[in-house]
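**Student:** The sequence isn't on hand, but the structure is:
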Ligand code: GDP
């Protein structure tokens, strides 16, 4: 359910999840203010960021980003954190196959929240590392794409460090929420 209030057309809740160290906090901060910290403080618990976006023409949406970095380390994420989420970015590291395998658990948990309309974007992060062959890629673009198609979710590869596709990842989720939930409910 997308809520409305008097100042904004819509309120979106977006959760950022995935295994530890895949880049959730860097992606969130890069999107939020276009910059990343070189050595961010480790996050413990959920960090919330509020912003205003335009998912469509002159429509304003208040977005709350829930960065789950920290919680997964302690297996402390519960269904309550995902409840009423309108969208989610499920992040893995393209140089870490294990982080990709774990995405299925996060998707199942998100779909278990009861919001059948939730928009999920699979995000293969740290693309910069494989672009200049610093580190061997463990998950191909095709594997990510195939997994996304099988699970009926969106897919993109990003780099939180260079900013590649970061805005696109978030904005695509906002636009899809708008189209899938808002337009369908009219
Ligand atoms: P989180 O635990 O998922 O929130 O991960 P962080 O955002 O804290 O990032 C974990 C580590 O990965 C940090 O050392 C970041 O500098 C690094 N990192 C995050 N995103 C990228 C990226 O796109 N490219 C590269 N090369 N490193 C990244």
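**Tutor:** Yep, that arrived. Computed from a predicted structure; not experimentally measured.
**Student:** which residues of the chain fall in strands?
**Tutor:** Using DSSP state E, the strands found in the chain span residues 10-18, 47-56, 59-67, 87-93, 119-125, 154-157.
**Student:** Ends of stretch 15-23, what's the gap?
**Tutor:** Taking Cα to Cα, to the nearest Å, the span from the opening residue of stretch 15-23 to its closing residue is 14 Å.
**Student:** Okay, the nearest residue to residue 13 once chain neighbours are set aside and residue 130: tell me how far apart.
**Tutor:** Counting by Cβ to Cβ, 6 or more residues apart in numbering, residue 13 lies nearest to residue 85, which is 4.9 Å off, once chain neighbours are set aside. Just so you know, the C-beta spots here come from the backbone N, C-alpha and C atoms, and that holds for glycine as well. When distance is defined by Cβ to Cβ, to the nearest Å, residue 85 is 30 Å away from residue 130.
**Student:** for residue 107, same thing?
**Tutor:** Look at residue 107 and residue 130: by Cβ to Cβ, they are 23 Å apart.
**Student:** OK, contacts around the closest residue to residue 96 other than its chain neighbours?
**Tutor:** What sits nearest to residue 96 in space, not counting adjacent residues and going by Cβ to Cβ, 6+ apart, is residue 138, at 6.0 Å. Taking Cβ atoms under 8 Å, 6 or more residues apart in numbering as the definition of contact, the neighbours of residue 138 are 94-97, 100.
**Student:** All good on my end, thank you.
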